[in-house]
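>>> What shape does this take:
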Amino acid sequence: MGTLRAIWDFIVLLIQKYGGTVSYCLVFAAIGWIVAGILCRLLRKAMKRNGKENEKGVRIACKVIYGIVFCIVVLVILSAFNVPVTAIVTLFSSVGLALSLTLKDTLSNFAEGFLLMVTKPFKVGDFIEVDGVSGTVSAIEIIHTKLKTPDNKVILIRNQEISDAVIINYSAEPTRRLDLTFSIGYSDDIEKAKKVVSDILDRHPLAHKEPAPTVRVIAHSASSIEIGVRVWVNTGDDYWELDFDLKEQVKEAFDKNKIDIPY
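Below is the predicted model:
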């Protein structure tokens, strides 16, 4: 009984001496855990708003968040029990600096990946052009953005390179303007050629009537008159369908109306 009494007295003494500190540490740890969970949920929502959730990226980011919160909680608890943490902080700082220098490019791509998800200059499914490379965005990952070209090739571009480049998003707006140029000879009737092109635009179901298409002479070249066509069309497959149709139909109509296309 004496031994049990001594153990109990020791426990009571610990509770009296450190009970407040332990309670403080438990509350702080709980708050840290809740904050980490909130940050992860906000990140997951931001990823979903981007068009497609990147589960792998979210898991990695959440592990980083919980790891940072865990380190902070441990340091606070040690400090609460009067354990000197200066040396530990110095060690962590040295290790962190070494890792940041070693993984500089990876961390930069990691950060740029999050910026792309937050700023959303494009989303999954958009057709974009970055630094001369174009394709449909199939995935926005933590390190890379994946593009799929029209001929079904996959291109991986580092997020850091995307952030430093000019981004052209062809899918950002619901409509695009299609610009084409058709050449006729100097001896041909300009008004007749313009009417032939205008009639084709009026009949084509994909060509928008508002804003009205423009068919005007834009240049006098060395051997031809250049007729420019500006017509609005829906973004996506309609753009290319109208582009191909006009090139085919204008050639056929010019031949039918004896309008020359100079070599």
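
>>> Next one: residue 193 relative to residue 75, how far apart?
For residue 193, the distance to residue 75 equals 79 Å [C-beta to C-beta, to the nearest Å]. (C-beta placed from N, C-alpha, C; glycine too.)

>>> Sorry, slip of the keys, the one I care about is residue 242.
Using C-beta to C-beta, residue 242 is found at 63 Å from residue 75.

>>> Over to residue 219?
71 Å.

>>> which ones are touching residue 234?
Residue 234 makes contact with 174, 175, 176, 206, 208, according to C-beta atoms under 8 Å, 6 or more residues apart in numbering.

>>> ok, 6 Å please
With contact set as C-beta atoms under 6 Å, 6 or more residues apart in numbering, residue 234 has these partners: residue 175.

>>> In contact with residue 170, which residues?
Residues in contact with residue 170 (C-beta under 6 Å, 6+ apart) are residue 127.

>>> Torsion angles phi and psi at it?
With angles defined as degrees, to the nearest 10, residue 170 sits at phi -80, psi -10.

>>> can you check residue 232 too?
Note on residue 232: backbone dihedrals following degrees, to the nearest 10 are phi -90, psi 140.

>>> Check residue 136 too.
Main-chain torsions, residue 136, degrees, to the nearest 10: phi -90, psi 130.

>>> And residue 193 and residue 75? Which one has more around it.
Set side by side, residue 193 and residue 75 show more neighbours around residue 193, with 24 against 15, by other C-beta atoms under 10 Å.

>>> mind listing the strands in this protein by residue range?
With strands called from DSSP state E, the chain shows them at 127-130, 133-140, 144-148, 154-158, 167-169, 175-184, 214-220, 225-234.

>>> In this structure, what helix or strand scores lowest on average pLDDT?
For the chain, counting by mean pLDDT, DSSP states H and E, helix 86-102 ranks last in confidence among helices and strands (a mean of 58).

>>> Nearest to residue 31, out of the strands of the chain?
Set against residue 31 and scored by C-beta to C-beta, the strands of the chain come closest in strand 133-140, at 32.1 Å.

>>> if I look at residue 185, how far off is residue 198?
Taking C-beta to C-beta, one finds residue 185 at 19 Å from residue 198.

>>> go on, residue 40?
58 Å.

>>> Can you list the low-confidence ranges for the chain?
The model of the chain has pLDDT under 70 over residues 1-22, 24-25, 46-58, 60, 80-119.

>>> mind redoing it with 50?
The model of the chain has pLDDT under 50 over residues 10.

>>> now the strands of the chain in a markdown table, with distance to residue 66?
Putting the strands of the chain into a markdown table (distance: least, C-beta to C-beta, whole Å) gives the following:
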| stretch | distance to residue 66 |
| --- | --- |
| strand 127-130 | 33 |
| strand 133-140 | 23 |
| strand 144-148 | 24 |
| strand 154-158 | 26 |
| strand 167-169 | 33 |
| strand 175-184 | 45 |
| strand 214-220 | 58 |
| strand 225-234 | 46 |
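
>>> Sounds good, over and out.
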